[in-house]
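no sequence for this one, just the structure:
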DNA sequence: ACCGGAATGATAACGGGTTATCAATTGTGA
DNA sequence: TCACAATTGATAACCCGTTATCATTCCGGT
């Protein structure tokens, strides 16, 4: 049966508290602040388990490997900082997107990604 | 000095006539219809050269490796078929996209990608 | 037509992100 | 507390897209 381990709890809290999509390496680094011996393999295994449980979803951003965030967030899009490479949530969505496709195309999903400079990088250096 | 070779001409014509972004393997397959002995290394080398000459640009689509298309197309977005994995151009753009980001974020670019089923896959099987 | 260097094709090597392996550790029901 | 199976951490292996290597081919100026 599935066990309740310190690793899983820490990884879960990390994702919950991040407020933005995280990649495996980001999860590792943040979670290691609470559990220094955490290994990258455990992060990958746990992300896969959370995906299967549908507690998190994959976030695909152009030019980046997959990131992960809570599955129960309401529809939103993303902003990618070209300096620190972090991804942020954008709680807005252009209307009429589905009508952009030419006739004959069946639109099932849509992705919107903004790219630029995040507030942290704009002011000082990169964020954490 | 730079030479005019059959390979480069065929690859260029392939990209021009495709009417949609192509990945290296797609370029190879299509170009081989005119030049059967074309090798994948030449495709990569030629794409890199075209990029440096700014004759083509990179097209990043979520969940896919980079594709390439003519550099002089007017602003547009893309549709990705989840069945045949081909990418198509969408000559439309939602307005007000840059205003979606929260205050403090500097938007420099934006990506819009629609995902679904293309006309070919909707009717019969996969396209070419 | 000749020559020299650019370009090509086959394929090995590379790079990074992800997964598999396995001994050691650790929850958890009894 | 015990016993055992699930989980973990370190790391080797893997996957796959891209790049490097190198002998051979082929433009193009002379």
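In hand now; what should we look at? Not measured: the values here are computed from a predicted model. Residues are numbered from 1 along each chain as shown, chains lettered A, B, ... in the order given.

tell me which element residue A:58 is part of?
Residue A:58 belongs to strand A:56-59 when elements are defined using DSSP states H and E.

Starting from residue A:107, give me the distance back to residue A:49.
31 Å (CB to CB, to the nearest Å). Heads up, the C-betas are built off the backbone N, CA and C, glycines and all.

likewise residue A:34?
To residue A:107, residue A:34 is 42 Å away according to CB to CB.

okay, these two: which has more neighbours?
Neighbour count, other CB atoms under 10 Å in any protein chain shown: between residue A:34 and residue A:107, residue A:107 has more, with 16 against 13.

after the host helix or strand of the more buried one comes which helix or strand?
Secondary structure assignment for residue A:107, by DSSP H and E: strand A:106-117. For strand A:106-117, the following helix or strand on the C-terminal side (DSSP H and E) is helix A:119-123.

List the buried residues of that following helix.
A:120-121 (16 or more other CB atoms under 10 Å in any protein chain shown).

That one - contacts with which helices or strands?
Contacts defined by 3 or more CB pairs under 8 Å, 6 or more residues apart in numbering or on different chains; DSSP states H and E place helix A:119-123 against no helix or strand at all.

what about it, distance to the chain center?
20 Å (CA atoms, centre = their mean, to the nearest Å).

wait, does the very next helix or strand once past the strand holding residue A:58 contact chain B?
Later in the chain than strand A:56-59, the nearest helix or strand by DSSP H and E is strand A:67-70. No. Strand A:67-70 stays clear of chain B (CB under 8 Å from any CB of the partner chain), getting no nearer than 11.0 Å.

From the chain's centroid, how far away is strand A:67-70?
3 Å.

Name the next helix or strand downstream of it, please.
strand A:77-81.

Please work out the average pLDDT along that next one.
For strand A:77-81, mean pLDDT is 98.

quick one: strands adjacent to it?
Next to strand A:77-81 in the sheet, as set by DSSP bridges, lie strand A:87-90 (antiparallel), strand A:106-117 (parallel).

how about TSV for those, with distance to residue B:90 and mean pLDDT added?
Listed next are the strands paired with strand A:77-81 as TSV, based on distance: least, CB to CB, whole Å; pLDDT from 0 to 100:
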stretch	distance to residue B:90	mean pLDDT
strand A:87-90	20	98
strand A:106-117	10	97
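
For these, give me TSV that also has distance to residue A:4.
TSV is the format used below for these (distance: least, CB to CB, whole Å):
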stretch	distance to residue A:4
strand A:87-90	29
strand A:106-117	34
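
These: which one's closest to DNA strand D?
strand A:106-117 (18.9 Å; CB to the nearest atom of the strand).

Give the buried residues for that closest one.
A:106-107, A:110-117.

same thing with stretch A:93-107?
A:94, A:97, A:100-101, A:105-107.

among the residues you listed, which two are most distant?
Spatially, the most separated pair among the buried residues of stretch A:93-107 is A:94 and A:106, at 19.4 Å (CB to CB).

Do any residues in stretch A:20-39 lie close to DNA strand C?
Yes. Stretch A:20-39 lies within reach of DNA strand C by CB under 7 Å from any atom of the strand, at A:23-25.

what does chain A have sitting close to DNA strand D?
Counting by CB under 7 Å from any atom of the strand, chain A sits next to DNA strand D at A:1-3, A:5, A:7-8, A:35, A:37-42, A:45-46.

In strands, which of those fall?
Judged by DSSP state E, those include no members of strands.

Going through those, which ones are buried?
A:7-8, A:35, A:38, A:42, A:46.

Export these as JSON lines, with columns for distance to residue B:81.
Output for those, formatted as JSON lines (distance: CB to CB, whole Å):
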{"residue": "A:7", "distance to residue B:81": "39"}
{"residue": "A:8", "distance to residue B:81": "37"}
{"residue": "A:35", "distance to residue B:81": "42"}
{"residue": "A:38", "distance to residue B:81": "39"}
{"residue": "A:42", "distance to residue B:81": "36"}
{"residue": "A:46", "distance to residue B:81": "32"}
